[in-house]
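# Model the following, please.
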Amino acid sequence: MANDKESALPDSGMSRFADLLDTRFRIPGTKITFGLDFILGLIPGAGDMVGFALSSALLLMMVTRGASGRALAIMILNILLDTTLGSIPLFGNVFDLFFKANKRNLDLFQDHFEEGKHQGSAWPVILGVMATLLILLVFIGWLIFVFLRFLFSALF
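Alright, predicted model coming up:
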């Protein structure tokens, strides 16, 4: 059984890949690190999609090593958050400097196997995300309604 656990742990290739994506380079004179994900994010649209694909490749490595559904749900949320917020011009570039989804996912994966954290079903995470998205959708719908009401009252 120890061999199964050891074979599931991240190897140096996974660690190097996460490092390349998130922390490979450092801004001189600071402790701020960045990686390929940040550099690709500077290319509008296409860069974020390539970053998403590379993050997904790292996630697939973790899936094949047996990460739990709960850990994977959190990892997917990290990647979606990184891709979505990272694609917003200017804000997204700053966000990418500080939110390192691939490093977070590698840490989650290590915690999952070394400390037994993040075990269990993905459903609590999925339901939480769905509830948040539903609240966001209602809020956006309300904003659109208020805007259209204002627009029509100003025009007519």
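# Domain map for the protein?
Per automatic domain parsing, the domain ranges recorded for the chain read 2-120, 122-156.
# Which of those domains has the highest mean neighbour count?
Most buried of the domains of the chain by mean neighbour count (mean count of other C-beta atoms under 10 Å) is domain 2-120; its value is a mean of 17. Just so you know, the C-beta spots here come from the backbone N, C-alpha and C atoms, and that holds for glycine as well.
# Could you tell me the average pLDDT over it, please?
Averaging pLDDT along domain 2-120 yields 85.
# The residue lying closest to S55 once chain neighbours are set aside: helix or strand, and which one exactly?
Closest residue in space to S55, ignoring its immediate chain neighbours: I79 at 4.7 Å, by C-beta to C-beta, 6 or more residues apart in numbering. Element membership for I79, per DSSP states H and E: helix 69-86.
# chain center to that helix: distance?
Averaging C-alpha positions (C-alpha atoms, centre = their mean, to the nearest Å) puts helix 69-86 4 Å from its chain's average.
# other SSEs contacting it?
Here helix 69-86 is seen to pack against helix 36-41, helix 46-64, helix 91-98, helix 101-114, helix 123-155 when contacts are counted using 3 or more C-beta pairs under 8 Å, 6 or more residues apart in numbering; DSSP states H and E.
# Now render those as CSV, adding distance to R70.
Below are the helices and strands packed on helix 69-86 laid out as CSV (distance: least, C-beta to C-beta, whole Å):
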stretch, distance to R70
helix 36-41, 24
helix 46-64, 13
helix 91-98, 25
helix 101-114, 9
helix 123-155, 6
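# and of the ones you listed, who's closest to D19?
helix 101-114 (7.7 Å; C-beta to C-beta).
# Mind exporting the C-alpha coordinates of the closest one to PDB?
Output in PDB follows, covering the C-alpha atoms of helix 101-114 (Å, rounded to 0.1, in the frame of the first residue of the first chain):
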ATOM      1  CA  ALA A 101      -3.700  28.300  -9.400                       C
ATOM      2  CA  ASN A 102      -1.200  25.700 -10.400                       C
ATOM      3  CA  LYS A 103       0.900  26.100  -7.300                       C
ATOM      4  CA  ARG A 104      -2.300  26.000  -5.200                       C
ATOM      5  CA  ASN A 105      -3.400  22.800  -7.000                       C
ATOM      6  CA  LEU A 106       0.000  21.100  -6.500                       C
ATOM      7  CA  ASP A 107      -0.200  22.000  -2.800                       C
ATOM      8  CA  LEU A 108      -3.800  20.600  -2.600                       C
ATOM      9  CA  PHE A 109      -2.600  17.400  -4.300                       C
ATOM     10  CA  GLN A 110       0.300  17.000  -1.900                       C
ATOM     11  CA  ASP A 111      -2.000  17.700   1.100                       C
ATOM     12  CA  HIS A 112      -4.500  15.100  -0.200                       C
ATOM     13  CA  PHE A 113      -1.900  12.300  -0.100                       C
ATOM     14  CA  GLU A 114       0.600  13.300   2.600                       C
END
